[in-house]
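> Predicted model and sequence below, questions to follow.
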Amino acid sequence: MHITDLGLLSLLIVTILIYLGFLHRVLDRMRLTKLQALAILLSMLVAGFLPNIHIYAGLSVNIGGALIPLAVALYLIITADDVHEKRRSLITSVIVAVLVFLSEKLLPRDPSSQFFLLDPLFMPAVIAALTAYLLGRSRRSAFIGGVFGVILTDVFAWLENLFLYKLHVPIVLGSTGVFGAAVIGGMGAVLLAELVGEIVERLLGGPQA
């Protein structure tokens, strides 16, 4: 995954929206209070600057960029009332991971290319939000798919390195904390899902999960 300050920007936008009360419905559906959400965001920001935890053969994990978002995603899965939503969230994660992994292989990385239409860091958020809505239009599924999907993509890359014996190439789950694609995937997917959800709900009527 490429590294940029888009993760920090996404975090700041979500923090401001939560503080101003614009995402109260999203928090209700995620079963989080305003203070809990702000505490999680602050923890992600601070923990993102802690040293990465080495796991095995070039694989390491960032606390703020991977462990905390994964913990929140697991919480959302566990607290989901509908078993179908739990299954849908996991399916969304796998589909997002496969699509993002393939996009990194097939799409050009050079911004000057005429085929370069979207920064790769935006892909997890866009794919997660669209996939979640195709599978059920759930904000929870969007966040889970965004976070799990990006983490799984990095795991796929690590397994590919193992298969090709490229053990000297490090893979960091969550890259550089809030600056990484995992945060953008989760936060961005929620923002996109909320935007699309509001439009869909106004057109069709009735709130979505």
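Looks like it arrived, so ask away. Numbering: from 1, shown residues only.

> low-scoring stretches of the chain, by residue?
Residues of the chain that meet the criterion pLDDT under 70 lie in 1-11, 22, 25, 107-125, 136-137, 176-181, 201, 205-209.

> where do the strands sit along it?
53-56, 59-61, 171-173 (DSSP state E).

> Which stretch among these is buried most, on average?
Per residue and on average, the most neighbours among the strands of the chain fall to strand 171-173, with a mean of 23 (mean count of other CB atoms under 10 Å). Glycine gets a C-beta too; all of them are placed from N, C-alpha and C.

> Give me the residues contacting that one.
52, 58-62, 65-66, 151, 154-155, 157-158, 161, 182 (CB atoms under 8 Å, 6 or more residues apart in numbering).

> In helices, which of those fall?
Judged by DSSP state H, the contacts of strand 171-173 include 151, 154-155, 157-158, 161, 182 as members of helices.

> Farthest pair within these?
The most widely separated members of the ones in helices among the contacts of strand 171-173, counting by CB to CB, are 161 and 182 (18.4 Å).

> more neighbours, these two?
Legend: neighbour count by other CB atoms under 10 Å for residue 161 and residue 182, higher for residue 182 (32 against 18).

> any idea how far the spatially closest residue to that one that is not a sequence neighbour is from residue 186?
Once flanking residues are discounted, residue 182 sits nearest to residue 150: 4.3 Å by CB to CB, 6 or more residues apart in numbering. Separation of residue 150 from residue 186 (CB to CB, to the nearest Å): 8 Å.

> Between these two, which is the more surrounded one?
More crowded of residue 150 and residue 186, by other CB under 10 Å: residue 150, with 35 against 31.
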